[in-house]
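Colleague: Okay, predicted coordinates and the sequence, questions at the end:
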Amino acid sequence: MNILKSAGAAVAALALSVGVASAQQPFTIQIDGSSTVFPISEAVAEGFQQQTQGRVRVAVGESGSSAGLRKFCRGELHIADASRPIRGSEMAACRAAGIGFVEIPVAFDGLSVVVHPSNPMRSITVAQLRQIWAAGSNVSNFSAVGGPDLQMQLFGPGSASGTFEYFTEAVNGTARSSRTDYTPSEDDNVLVQGVANNPGGMAYFGLAYYHENEGRLRALAVDGGNGPVLPSVETVENGTYQPLSRPIFIYVNAAALRRPQVQQFVQYYINNAARYSAQVGYIPLPAAAYQTYLQRAQQRQQGTAFGGRALIGASISEVLARPLVLEEVQQ
Amino acid sequence: MKNVLSKVALAALATAATTTVAHAQSSPSHTTSWTGTVGEDRYGDARFKMRGRFQYDLYSSDWDVGTADDGTRSYVRRAFLGVQGRFNENWRYKVDFVLTPGASEVNVDDAFLEYVTDNWSIVIGESNVTSPLEDRISSLDIPFNERSSIINAFEYGRRAGIAFLAGGANWSFSAAAQGESLNNVGENFAVDESTALSGRFTFAPIFETTPEGTTLVHLGAHARWREQGDNADFRYRTRPLNGRNTRHIDTGVLAGAESDATYGVEAAVQYGPFGAQAEYMVLDGDSTGGDYTFDGYYVDVYWSLTGESRSYRGNQGSFGAIAPANPLGTEGGWGHWMLSGRYDYIDLSDLGGASRGEQSSYAIGLDWVPVDHVRFKLNYALSEMDRVGAGVDDDAQVVTLRTQFDF
């Protein structure tokens, strides 16, 4: 039985060394998800780490809304950034893994359609956008949608992106239904580069990335039926930039909100969301909305106001008025 | 019933195969999703992917009296290759073929068609959806190399039939009417030779997960009634916590044992890296030699040295794989390490031949999951076997190192 004794000793030694090696590291709040929400979360994280003098670490990723929510519902994240509401299937995944979530809208975005500054086009209708982006579309020249005789080069977010989901639902009528022969990237800076470097370039992404690159891109005024409207803080706020205005969210693990570090961070996020979202180019919610969401975080009120599906063209007040539900609402 | 159900299951599987082929021929627009370890083919709402597992054991056993089993040996414990997928949101399937080297027949593990809705589903084919906790946990994810004595001796496992499942965030319910296993061809699939009715209910009054771990209290109960018809040959026996070696405690074939009923309760808790799990079962049967009652239980404790919690599935009332928080190869990554301890007891002394008796086993285990889907398990087990009949008592010590991977 010598073999048994040595095996036992080896086990004990290994156990000890692993136990020692994995001793406590500083607490890190894990955030991942939407690249649209990323600039706000990153700015908030920086501010919070400064305020807490590095006692709490915050790691922010940008792998896309879908990838983020998938990780969130596996229990790998404290917070998922999302540029669309949580889906019914994701609610089910979270439920099965023992994960409750608190939904916090943090700002509004005007999803912007951009072209190269040399492109003479100034506006586009939703019908024309659908002509270009619909599944199976073979539109390859701006002349097909009332523009110049110019070869199109399309750039857009990848399929893990909430922006992709919102845009396809709002424009094509079906979420995730899109032509696929464009250059996709989850990194919005790649999309910005693509359009800035190609006279025939066209792309869509969050307003913040347009604001940041205003000199190198032109945003098209979008005509949703009431005349062309340019995306801006004013037009999103007053509800005229439709149907591409949308709320953007953070989803917080409800049980993790009992941890002082996470609770503190989320409160800091909500208290400073107006400042940071304006700073990076999004549209803050009304102060009363942030008050409501602060209470929601403090009381760990779980559920979504969207019933597990997208809500196209909702105004800020509409979003606020909706009750929270824990299970997908059938239509 | 066996016959009918098996045929339904096989017919369903055959239909499944044809449908897939038809799709493949008619559509150019297949895409591949790489979110798992293997690519999943997607075609509209349809999904299809390969799956498989391989478990290789090296073990050394040392018996006090019956030294015939002494020695160091290695063998393939399991080699599965299978497919899983769905035709649309509602119709799903899973088939695992058991292709263990050295086995003379090809068997199936899970082999079923499932109709799924949001709140319930129906499973047709070979499954174990009503089995108690430890049998519901995949052989890839059980903390010890082998399941407990009660699971093995009371013959839990897969059978062919039809089952109903329902579940919510923290509860699950299942009920099944089944015949024999599809692998048991011995009785020529006679419908009246084997029937089982079974059900299980689980509830987790506390179940919360955060990146820091899971807090869980799991409770469950199950029952199974079996009828064997003319072919009354129930026999209950157990090995000293290893996949091989003699089953020293053995009732022998109980003459005229036509039916038995098993009742069990289960509990599990998890608090971050610490966990415990226990099950108790009692089995009542009747035979020409008289009625009999056997029972047993096991108690496990776990400690994840690297901090991960066991992953619990509330709507199934079972545990899944533990993915390492810091896989080997990442910065500061040791993979996942877990220490486990087990006490296992079974009492098969109420009725039977010379080898009937009771067995107590103590086991400790060390698990290493360097990266997700690769796992090494080192187990040491000491079993004390006390025969009530004329047979001799014995002790056995077994050390087993398992190497496994799956995809």
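Modeller: Thanks, I have the structure now.
Colleague: so where do the strands sit in chain A?
Modeller: For chain A, the strands defined by DSSP state E occupy A:28-33, A:57-60, A:79-82, A:101-110, A:112-115, A:123-125, A:153-156, A:183-184, A:201-205, A:218-219, A:221-223, A:228-229, A:245-253.
Colleague: mind putting the ones you listed in a markdown table, mean neighbour count, distance to chain B and mean pLDDT included?
Modeller: In short, each C-beta sits where N, CA and C put it, glycine included. Listed next are those as a markdown table, based on neighbours: other CB atoms under 10 Å in any protein chain shown; distance: least, CB to the nearest CB, whole Å; pLDDT from 0 to 100:
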| stretch | mean neighbour count | distance to chain B | mean pLDDT |
| --- | --- | --- | --- |
| strand A:28-33 | 24 | 6 | 95 |
| strand A:57-60 | 18 | 11 | 95 |
| strand A:79-82 | 30 | 10 | 96 |
| strand A:101-110 | 25 | 11 | 93 |
| strand A:112-115 | 25 | 26 | 95 |
| strand A:123-125 | 19 | 28 | 94 |
| strand A:153-156 | 22 | 17 | 94 |
| strand A:183-184 | 16 | 13 | 92 |
| strand A:201-205 | 27 | 22 | 95 |
| strand A:218-219 | 20 | 32 | 94 |
| strand A:221-223 | 21 | 30 | 94 |
| strand A:228-229 | 17 | 35 | 94 |
| strand A:245-253 | 28 | 5 | 93 |
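Colleague: Can you add distance to residue B:198 and give these back as TSV?
Modeller: Below are those laid out as TSV (distance: least, CB to CB, whole Å):
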stretch	distance to residue B:198
strand A:28-33	41
strand A:57-60	47
strand A:79-82	39
strand A:101-110	35
strand A:112-115	59
strand A:123-125	61
strand A:153-156	52
strand A:183-184	49
strand A:201-205	54
strand A:218-219	63
strand A:221-223	60
strand A:228-229	63
strand A:245-253	36
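Colleague: Ok, which of those strands comes nearest residue A:272?
Modeller: Each of those was scored for nearness to residue A:272 using CB to CB, and the closest is strand A:101-110 (10.0 Å).
Colleague: okay, the angle between the closest one and strand A:201-205?
Modeller: Angle, strand A:101-110 to strand A:201-205, by axes from the mean of the first three to the mean of the last three CA atoms, to 10 degrees: 140 degrees.
Colleague: Dump the C-alpha coordinates for strand A:101-110 into CSV.
Modeller: What follows is strand A:101-110, C-alpha atoms only, in CSV (Å, rounded to 0.1, in the frame of the first residue of the first chain):
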residue,chain,number,x,y,z
PHE,A,101,-31.2,40.9,-12.6
VAL,A,102,-31.9,44.5,-12.0
GLU,A,103,-32.5,46.5,-15.2
ILE,A,104,-31.1,50.0,-15.2
PRO,A,105,-31.6,52.2,-18.3
VAL,A,106,-28.6,54.6,-18.2
ALA,A,107,-29.1,56.8,-21.2
PHE,A,108,-30.7,57.2,-24.6
ASP,A,109,-28.8,56.7,-27.9
GLY,A,110,-29.6,58.0,-31.4
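Colleague: same for it, what does it pack against?
Modeller: Secondary-structure packing of strand A:101-110 (3 or more CB pairs under 8 Å, 6 or more residues apart in numbering or on different chains; DSSP states H and E): helix A:207-212, helix A:233-237, strand A:245-253, helix A:260-280, helix A:287-298.
Colleague: Mean neighbour count, the ones you listed: which tops it?
Modeller: Most buried of the helices and strands packed on strand A:101-110 by mean neighbour count (mean count of other CB atoms under 10 Å in any protein chain shown) is strand A:245-253; its value is a mean of 28.
Colleague: In stretch A:146-166, which residues are buried?
Modeller: Neighbour counts over stretch A:146-166 (16 or more other CB atoms under 10 Å in any protein chain shown) mark A:147, A:150, A:152-166 as buried.
Colleague: again with stretch B:30-42
Modeller: Applying 16+ other CB under 10 Å to stretch B:30-42 flags B:40, B:41, B:42 as buried.
Colleague: how far away is the first one from chain A?
Modeller: For residue B:40, the distance to chain A equals 14 Å [CB to the nearest CB, to the nearest Å].
Colleague: Also residue B:226?
Modeller: 31 Å.
Colleague: I figured that residue hits residue B:179, correct?
Modeller: No - using CB atoms under 8 Å, residue B:226 is not in contact with residue B:179; the gap is 10.7 Å.
Colleague: tell me, how many neighbours does residue B:115 end up with?
Modeller: Here the number of neighbours of residue B:115 (other CB atoms under 10 Å in any protein chain shown) works out to 12.
Colleague: Just give the closest residue to it, not the sequence neighbours.
Modeller: residue B:122 (4.7 Å; CB to CB, 6 or more residues apart in numbering or on different chains).
Colleague: Tell me the confidence at that neighbour?
Modeller: The model reports residue B:122 with a pLDDT of 98.
Colleague: what about it, helix or strand, and which?
Modeller: Assigning secondary structure by DSSP states H and E places residue B:122 in strand B:120-127.
Colleague: Could you do residue B:270 as well?
Modeller: Going by DSSP H and E, residue B:270 is part of strand B:259-271.
Colleague: what about that strand, near chain A?
Modeller: No - applying CB under 8 Å from any CB of the partner chain, one finds strand B:259-271 separated from chain A by no less than 9.8 Å.
Colleague: got any ranges where the stretch 1-150 of chain A has weak pLDDT?
Modeller: A:1-25 (pLDDT under 70).
Colleague: Excluding sequence neighbours, find me the nearest residue to residue 126.
Modeller: No chain specified, so I'll use chain A. In space, not counting the residues next to it along the chain, residue A:126 is nearest to residue A:224; the distance is 5.3 Å by CB to CB, 6+ apart.
Colleague: hmm, I had chain B in mind actually
Modeller: residue B:111 (4.2 Å).
Colleague: and for the helix or strand where the one you found lies, what are the contacting residues?
Modeller: In this assignment (DSSP H and E), residue B:111 forms part of strand B:107-116. Outside strand B:107-116, the residues within contact range by CB atoms under 8 Å, 6 or more residues apart in numbering or on different chains are B:9, B:12-13, B:16, B:80, B:82, B:89-98, B:121-128, B:158, B:182-183.
Colleague: Drop anything exposed from those.
Modeller: B:9, B:12-13, B:16, B:80, B:82, B:91-96, B:98, B:121, B:123-128, B:158, B:182-183.
Colleague: Give me every residue in the stretch 301-407 of chain B that's in contact range of chain A.
Modeller: Residues of the stretch 301-407 of chain B lying close to chain A by CB under 8 Å from any CB are B:305-307, B:311-316, B:332, B:334, B:337, B:339, B:364, B:366, B:378, B:380, B:397, B:399.
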